[in-house]
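Q: Got a predicted model here, sequence first, then my questions.
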Amino acid sequence: MKVVILAGGQATRLLPLTSNTPKAMVPVLNIPFLEYVIRHLGRHRVTDVVLAQSHLAQTITDYFLDGARFGSQLTYVVETVPLGTAGAVKNAAGYLDETFLVLNGDTFTDLDISAMIDFHRQTRARLTIACTPVEDPSSYGLIETDGRSKITRFLEKPEKSQITTNMVNAGTYVVEPEVLEYIPAGTVFSFERQLFPKLLERGEPLYAYPSPAYWIDIGTPEKYHQLNRDLLSGKSNQYPFSSTQRVTIGERSQIHATARITGPAVIGDSCAIGAGVSLIGPVVIGPGCTILEETTIEDSIIWQDTRLEKQVYIKSSIVASGCHLKSNSIVENSVIGNNVTIDSGYQLKPGSKIGPGAVVKNADNQ
Ligand code: GTP
C-alpha cells in the first residue's frame, strides 16, 4: 500500500526552529523526525512512500534520497505553491490508484497501522480516520461517531460547551481513490475543514479507528520538546532507550571526568564536554557541540554544532544549530533559532523566542 506523507506546511507555530529547517527534519534525539515516521511505516510493510512537499523541500530530499537506506522507495511530489493538506494529496493523484494511506508529516505515533488497514477493509469505509483520546480536546478536530465507529459529525477546535467527545483526529487516514474526485485540482483544499464535511454531507461511509497508542504532533515547540522527553522516558516503543541505559554518548565525544550527567540524556557524536559541566536529564545534545567548564543544562535540547562557553545556564529550553552562547549567559523556558549568538552574562527573558542569526547583546556592549 502506498502512503502520502504531508510534509509541505509552513510550520509557523514551530518557529523559530523551522525558519530554515522543515518541520519534518527537526531532530528528535538527534534523528530527523521524518525518519521515525518512515521506519514506523516500514515496520507495517508500508514502504512505497510519496512525500508531498512544498516549503523547504530540498533539505528533505537531500537526506532521504531514494529511501533505500531506510528500506523504502520514496517519490517526491513538490507543489509550487502549498495546496493545503487535501490539495497536496490531489497533486499526487497520478501515483494513487488503489487504497492508500495519508499521514500528517508532523505526527508521531505508535499506531498499529496494519490493524487500522484491516479495520478499514472490514467496515468498507470510503475513508477511515485514526483517532485518539486527549485530555483537552479544545484545540483539535473532534470526531463524533455512532456505536459502530461510523462518523456522524466533525467539530474543528470547538468551544468548551460544544465538546461531546475527547476523541480527536490523529492525522492518519486510510483512503479509497474515489475520494480524490471530491478534491478540486490545483486549489488550496483542506482535509479537516473542507473534504471531511463534504464527504459526510454526500453520505460517504467514514469511519473512526480509535487507538490508545502513544501519539503526539510536533506542531509547537512545547509539543516538540514533550516528544523528546517522552521518548527519553520510554513512553513510545520506537526508541531503543531502556531504563538501564539512561545515558548514551555518541562516537568520538569527549566527556571530562568531572562532568556530571544525570540521565536520561543523549549526547551526539564528536561533542566536547568540559570540566564541571552538569547535564541534568532529560537532555539531548546534538553532534559537534562544545560545552565549556561549569555550564549547566537541564531539561533541554541543544541541536548540532552549538558552542556553550563557561558557566552558561540553560533550563527547559531548545537551542538550535550553530548557536554561540557566551560565558555566564542564562536561558530559561526559551526557544532559540539557528546561528544565534548570546552575549556574555546576558539573561534572556524567560519565554523568549529568538529568530535565526540574531545577536543578542547587553545594552552596554552595543
Ligand atoms: P502551522 O503553520 O504551524 O499551522 O503548521 P503547518 O503548516 O505544518 O500546518 P499543519 O500543522 O496544519 O499541517 C499538518 C501537516 O500537513 C504537516 O505535516 C504539514 O507539513 C502538512 N501540510 C500542511 N499544509 C500543507 C500543504 O499546503 N502542502 C503539503 N504538501 N503539506 C502540508
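A: Perfect, I can see it now.

Q: What parts of the stretch 51-200 of the chain come near the ligand?
A: Residues of the stretch 51-200 of the chain lying near the ligand by C-beta under 6 Å from any ligand atom: 52-54, 79, 82-85, 88, 104-106. No exception for glycine: its C-beta is placed from N, CA and C like everyone else's.

Q: wait, which of those residues is closest to residue 330?
A: residue 106 (30.7 Å; C-beta to C-beta).

Q: got the contact list for that closest one?
A: 9, 11, 23-24, 33, 171, 217-219 (C-beta atoms under 8 Å, 6 or more residues apart in numbering).

Q: Let's see that with 6 Å instead.
A: 23, 217-219 (C-beta atoms under 6 Å, 6 or more residues apart in numbering).

Q: follow-up on the earlier one: just the ones of the residues of the stretch 51-200 of the chain next to the ligand in strands?
A: Those of those mapping onto strands are 52-53, 104, per DSSP state E.

Q: that older thread, go back to the contacts of residue 106 and keep what's next to the ligand.
A: Answer for the contacts of residue 106 near the ligand (C-beta under 6 Å from any ligand atom): 23, 219.

Q: residues near the residue of the stretch 101-250 of the chain found nearest the ligand, how many?
A: Per C-beta to the nearest ligand atom, the residue of the stretch 101-250 of the chain with the smallest distance to the ligand is residue 105, at 3.4 Å. Neighbours of residue 105 under the rule other C-beta atoms under 10 Å: 27.

Q: Regarding it, what are the backbone dihedral angles?
A: Backbone geometry at residue 105, expressed as degrees, to the nearest 10, gives phi -70, psi 10.

Q: is it true that it touches residue 24?
A: Yes - between residue 105 and residue 24 there is a contact under C-beta atoms under 6 Å: 5.1 Å.

Q: give me the beta-bridge partners of residue 313?
A: Counting by DSSP bridges, residue 313 is bridged to residue 296, residue 330.

Q: What count of nearby residues applies to it?
A: Per other C-beta under 10 Å, the neighbour tally for residue 313 reads 19.

Q: Any figure for the gap between it and the ligand?
A: As for residue 313, its distance to the ligand is 30 Å (criterion: C-beta to the nearest ligand atom, to the nearest Å).

Q: Test my guess that that residue contacts residue 330.
A: Yes - counting by C-beta under 6 Å, residue 313 sits close enough to residue 330 to count as a contact (4.7 Å).

Q: And the helices in the stretch 51-200 of the chain, which stretches?
A: 57-64, 84-91, 113-123, 196-201 (DSSP state H, counting those that start in this stretch).

Q: Comparing the ones you listed, which comes out most buried?
A: Most buried of these by mean neighbour count (mean count of other C-beta atoms under 10 Å) is helix 84-91; its value is a mean of 25.

Q: and that helix, what does it pack onto?
A: Judged by 3 or more C-beta pairs under 6 Å, 6 or more residues apart in numbering; DSSP states H and E, the packing partners of helix 84-91 are strand 2-6.

Q: try 10 Å this time
A: Under the contact criterion of 3 or more C-beta pairs under 10 Å, 6 or more residues apart in numbering; DSSP states H and E, helix 84-91 touches strand 2-6, strand 48-53, strand 73-78, strand 100-104, strand 167-175.

Q: re earlier: could you dump the contacts of residue 106 to CSV with secondary structure?
A: Formatted as CSV, these follow (DSSP: H, G, I helix; E, B strand; the rest coil):
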residue, secondary structure
23, helix
217, strand
218, coil
219, coil
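
Q: Could you work out the most separated pair of the contacts of residue 106?
A: Checking the contacts of residue 106 with C-beta to C-beta, the most distant pair is 23 and 217, at 9.7 Å.

Q: Only the buried residues of stretch 217-236, if you could.
A: 217-221, 223-225, 227-232, 236 (16 or more other C-beta atoms under 10 Å).

Q: Using TSV, please lay out the helices and strands packed on helix 84-91 together with distance to residue 191, mean neighbour count and mean pLDDT.
A: Listed next are the helices and strands packed on helix 84-91 as TSV, based on distance: least, C-beta to C-beta, whole Å; neighbours: other C-beta atoms under 10 Å; pLDDT from 0 to 100:
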stretch	distance to residue 191	mean neighbour count	mean pLDDT
strand 2-6	9	23	97
strand 48-53	12	24	97
strand 73-78	16	17	96
strand 100-104	8	25	97
strand 167-175	7	25	95
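
Q: Residues that sit against both of residue 105 and residue 24, list them.
A: Applying C-beta atoms under 10 Å, 6 or more residues apart in numbering, one finds that residue 105 and residue 24 are jointly contacted by 5-9, 11, 33-34, 37, 51, 53, 60, 218.

Q: Export the residues you listed as a markdown table, with columns for distance to residue 203.
A: Below are the shared contacts of residue 105 and residue 24 laid out as a markdown table (distance: C-beta to C-beta, whole Å):
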| residue | distance to residue 203 |
| --- | --- |
| 5 | 29 |
| 6 | 26 |
| 7 | 32 |
| 8 | 31 |
| 9 | 31 |
| 11 | 35 |
| 33 | 37 |
| 34 | 36 |
| 37 | 33 |
| 51 | 33 |
| 53 | 34 |
| 60 | 38 |
| 218 | 35 |
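
Q: where do the contact lists of residue 313 and residue 330 overlap?
A: The contact lists of residue 313 and residue 330 share 296, 347, where a contact means C-beta under 10 Å, 6+ apart.

Q: Please produce a markdown table containing the helices and strands packed on helix 84-91, extended by distance to residue 123.
A: Below are those laid out as a markdown table (distance: least, C-beta to C-beta, whole Å):
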| stretch | distance to residue 123 |
| --- | --- |
| strand 2-6 | 20 |
| strand 48-53 | 24 |
| strand 73-78 | 29 |
| strand 100-104 | 16 |
| strand 167-175 | 10 |
